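# Generate coordinates for the sequence data below:
(one chain, ligands or ions: 1)
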Amino acid sequence: MNVLITGARGNIGRHLASCLIDNPEIKLYLASHSDEGRDDLAVAFNEAEAVKVDVNDAGSVSDAVVDMHRVVVISPDFTDERIATGNLISALNGADSLQQIIRVLGLFPGLTENRIPAWMREVNATCWQHMTAKRLLEDSGLPVTFVNPVARYMQNYRGFTGTGIRDRHVIAYPFPQVMPHIDTRDIAEVIACILQMDINDHDGREYILTGAKEDVLSCTGVAELFSSVLGFKVEYRDDRGYFHEMLAPELAILFADYLQWQQQTIGDLYDVTDEVQGFLDREPRKFRDWIRENADFFRAPSNQSAA
Ligand SMILES: NC(=O)c1ccc[n+]([C@@H]2O[C@H](COP(=O)([O-])OP(=O)(O)OC[C@H]3O[C@@H](n4cnc5c(N)ncnc54)[C@H](OP(=O)(O)O)[C@@H]3O)[C@@H](O)[C@H]2O)c1
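The predicted structure is shown next:
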């Protein structure tokens with residue numbers, strides 16, 4: 001079976017490739033949109049075929065999907081899905097080999113188009129991006145399974161938020177929404193599981209993934225968890241000044257506006273699902289363990305002292 005993974009160098013994609021690489025029944029095609037990324041994948045997974053695919057380039061998408069049986073689509077943030085998913089659908093329409101598309105979403109259940117303001121549509125903000133992709137794929141009639149993590153990725157904390165924890169012992173985040181947290185390795189393992197199962201059991205289905213109940217946390221709860229694992233006090237502060245310092249100015253404004261919309265429109269999210277447990281026959285990975293595994297990152301020496 002030929003399986004193409006787009007976004008293969010990202011959090012989910014790389015772990016998914018590791019899960020599947022030793023399966024003799026799967027020939028993996030791992031995609032990056034750059035030459036450098038393709039070379040990186042070729043070195044990391046030498047039994048797989050590393051390919052260059054830019055989701056915005058119709059030609060590269062059609063070349064990549066030839067003879068694919070299953071295609072896993074992990075889309076970068078702010079993608080214009082009218083183009084990217086449009087390219088995918090055109091390339092796959094009439095492809096005899098295709099059995100299943102697995103599309104990763106990031107979409108709050110029950111959210112309707114009319115609650116997404118114009119500015120979010122213009123920048124292809126996450127919800128709008130995934131809503132667009134989902135609608136296009138459903139309308140296409142192609143065999144699709146949606147994997148929808150309704151949770152914040154633990155791996156996000158190795159981004160700018162993690163820098164704040166390491167350098168100032170502060171989580172500087174506007175709008176301390178309560179959210180479930182999920183380890184992206186669990187998402188990858190659920191996808192790996194679906195890929196090795198009968199497609200008929202999953203066609204047209206959407207799986208909403210979250211982490212464990214104990215990892216439904218506000219920013220204050222996250223700060224307390226980091227403090228207890230790392231052994232120094234991490235504090236949550238709605239510190240817009242530092243938030244703007246950590247991100248590029250336009251991104252900080254955009255992200256803060258998005259978080260404000262999310263807090264006002266969606267509110268706190270306490271629900272967890274048992275899909276990860278159902279697929280993997282074990283509990284979801286815990287945030288506490290993820291912090292422990294990544295403790296060196298948060299304890300790394302820094303030039304700045306804690307505020
Ligand atoms: N972060 C969260 O808390 C959260 C929660 C729910 C859902 N989500 C969704 O999860 C997805 C992200 O998953 P992830 O964290 O595993 O991904 P990721 O680490 O952000 O990786 C995305 C990959 O896309 C590739 N890429 C960039 N531009 C591309 C292009 N033009 N064409 C093709 N590929 C391109 C990049 O690799 P190359 O540069 O090598 O091409 C990158 O590895 C997003 O759709 C996001 O909305 C996120």
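# CA only for contacts and neighbour counts going forward, please
OK.
# Touching the helix or strand harbouring A252 from outside, list them.
Taking DSSP states H and E as the criterion, the element that holds A252 is helix 249-265. Helix 249-265 has contacts (Cα atoms under 8 Å, 6 or more residues apart in numbering) with R115, M120, A125, P174, F175, Q177, F243, H244.
# top of those residues by neighbour count?
F243 (23 neighbours; other Cα atoms under 10 Å).
# confidence score at P301?
Listed pLDDT for P301 reads 70.
# Please apply the same query to P176.
Reported pLDDT at P176 in the predicted model: 89.
# which ones are touching the nearest residue to it once chain neighbours are set aside?
Using Cα to Cα, 6 or more residues apart in numbering and skipping the chain neighbours, the partner closest in space to P176 is C219 (5.0 Å). Neighbouring residues of C219 by Cα under 8 Å, 6+ apart: I171, Y173, P176, Q177, V178, Y236.
# Can you list the residue ranges for helices in the chain?
Here the chain has its helices, by DSSP state H, at 11-20, 35-44, 58-65, 81-92, 118-122, 126-140, 160-168, 184-195, 219-230, 240-246, 249-265, 275-280, 287-293, 295-299.
# Would you mind checking which of those helices scores lowest on average pLDDT?
Across the helices of the chain, helix 240-246 gives the lowest mean pLDDT, at a mean of 86.
# Tell me the gap between it and the middle of its chain.
Between the centre of helix 240-246 and the centre of its chain there are 24 Å (Cα atoms, centre = their mean, to the nearest Å).
# And the contacts of that helix?
Applying Cα under 8 Å, 6+ apart, the external contacts of helix 240-246 come out as F160, G164, A172, Y173, P174, A252, I253.
# for stretch 189-199, same thing?
Stretch 189-199 is contacted by residues 15-16, 19-20, 70, 99-100, 102, 147, 202, 276, 279-280 when judged by Cα under 8 Å, 6+ apart.
# How many residues are close by W119?
Neighbours of W119 under the rule other Cα under 10 Å: 12.
# and the stretch 151-300 of the chain, which of its residues are near the ligand?
A151, R152, Y153, N156 (Cα under 6 Å from any ligand atom).
# Identify the residues contacting D80.
N124, Q129.
# One more pass at 10 Å, please.
Residues near D80 by Cα atoms under 10 Å, 6 or more residues apart in numbering: 55-56, 86, 121-125, 128-130, 132-133.
# quick check, nearest of those residues to the ligand?
Closest approach between those and the ligand, by Cα to the nearest ligand atom: V55, at 4.1 Å.
# From A42, how far off is the closest one?
Applying Cα to Cα, to the nearest Å, the value for V55 to A42 is 19 Å.
# got it, and P176?
40 Å.
# If you count surrounding residues, which of those two has more?
Between P176 and A42, counted using other Cα under 10 Å, the more crowded position is P176 (20 against 17).
# Can you pull the domain assignment for this protein?
Per automatic domain parsing, the structural domains of the chain span 2-149, 151-182+211-271+285-307.
# Stretch 57-75: how far from the chain's middle?
19 Å.
# ok, the closest residue to V178 other than its chain neighbours - contacts?
Nearest residue to V178, sequence neighbours excluded (Cα to Cα, 6+ apart): S218, at 4.0 Å. With contact set as Cα under 10 Å, 6+ apart, S218 has these partners: F175, P176, Q177, V178, M179, P180, E224, Y236, D268, L269.
# Show only the entries of the residues you listed found in strands.
Y236 (DSSP state E).
# of all the contacts of S218, which comes closest to E293?
Nearest to E293 among those is E224, at 17.0 Å by Cα to Cα.
# Now do the closest one: how many residues are near it, please.
When neighbours are counted by other Cα under 10 Å, E224 comes out with 18.
# ok, it - contacts?
By Cα under 10 Å, 6+ apart, the contact set of E224 is L217, S218, L230, F232, K233, V234, E235, Y236.
# Check the gap between the fourth one and A118 for me.
F232 sits 43 Å away from A118 when distances are taken as Cα to Cα.
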